[in-house]
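A.B. asks: please find the sequence and the predicted model below.
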Amino acid sequence: MKYYAQSIFLLLLTILFAACGKRQHHEIISTIDSFYTRSVAGDYRLAKKSLLTPELAAMIEAATSKQAASAAALKAAGSTDKPHMIEGDIFTSVLEGSTEHKVLSVIVNGSTAEATVQFQHTQYDNMQWSDRVQLQQINGAWKINDVFYAPGKGAGKRTRDVLTQFLRLPDELPKTSAQSSP
């Protein structure tokens, strides 16, 4: 009888853990699906910051401010030069972004997770690739922390690299020919 009770207890625990795992996978997939909408593809400034970790959201805010300041400085100088800016989709490894995505797998390790996401750009020769989306659980909600680009693609190895490189650009803009003449 004791063996029977232990077996039922272990079976119930297994079912409970399996249900928790499925719920986490569903929450992660839901976060990814909510983040990768066509309306924000290609413009990092439109990213849903509520779906990002605070650190990644702060980097996006800093890059947005840097880009705006660069544009304002050029406008004030009467320049038609191009301001410092991040072009293309930094949340996928293809600058044109994606038109579709599908979560292929999710691996959860405590409060972090990594999802392999297959992206497709149907207007660009049906281009297809897979990136790894890193997530972190914060206050019970899954947030995107970084995107690791497909090997050989992207403007760096990952989203945070692209943002870090941009934020390291000097604040001063190159002098235009109109600014350097006496």
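C.D. replies: Sure thing, it's come through. Keep in mind the model is a prediction, meaning the values are calculated, not measured. Numbering: from 1, shown residues only.

A.B. asks: confidence score at the residue nearest to the spatial centre of the chain?
C.D. replies: By C-alpha atoms, centre = their mean, the chain has its centre lying nearest to residue 91, at 4.2 Å. For residue 91, the model assigns a pLDDT of 93.

A.B. asks: which pLDDT value belongs to the nearest residue to it once chain neighbours are set aside?
C.D. replies: Nearest in space to residue 91, with sequence neighbours left out and distances taken as C-beta to C-beta, 6 or more residues apart in numbering, is residue 147 at 5.4 Å. The way it works is simple: take the backbone N, C-alpha and C, and place the C-beta from them, glycine included. In this model, residue 147 is scored at 96, pLDDT.

A.B. asks: likewise residue 141?
C.D. replies: 96.

A.B. asks: same check, this time on residue 59
C.D. replies: At residue 59, the predicted lDDT confidence score is 96.

A.B. asks: again, but for the one 4 residues further on
C.D. replies: Model confidence at residue 63, expressed as pLDDT, equals 93.

A.B. asks: now do residue 39
C.D. replies: Note for residue 39: predicted pLDDT of 57.

A.B. asks: hang on, the earlier thing: check which helix or strand the residue nearest to the centre of the chain maps to.
C.D. replies: Per DSSP states H and E, residue 91 falls between elements, in no helix or strand.

A.B. asks: ditto for residue 62
C.D. replies: Going by DSSP H and E, residue 62 is in helix 54-76.

A.B. asks: need the contact partners of the helix or strand following that helix.
C.D. replies: Downstream of helix 54-76, the next assigned helix or strand under DSSP H and E is strand 100-109. Residues outside strand 100-109 that contact it (C-beta atoms under 8 Å, 6 or more residues apart in numbering) are 21, 24-25, 28-29, 32-33, 36, 113-120, 122, 130.
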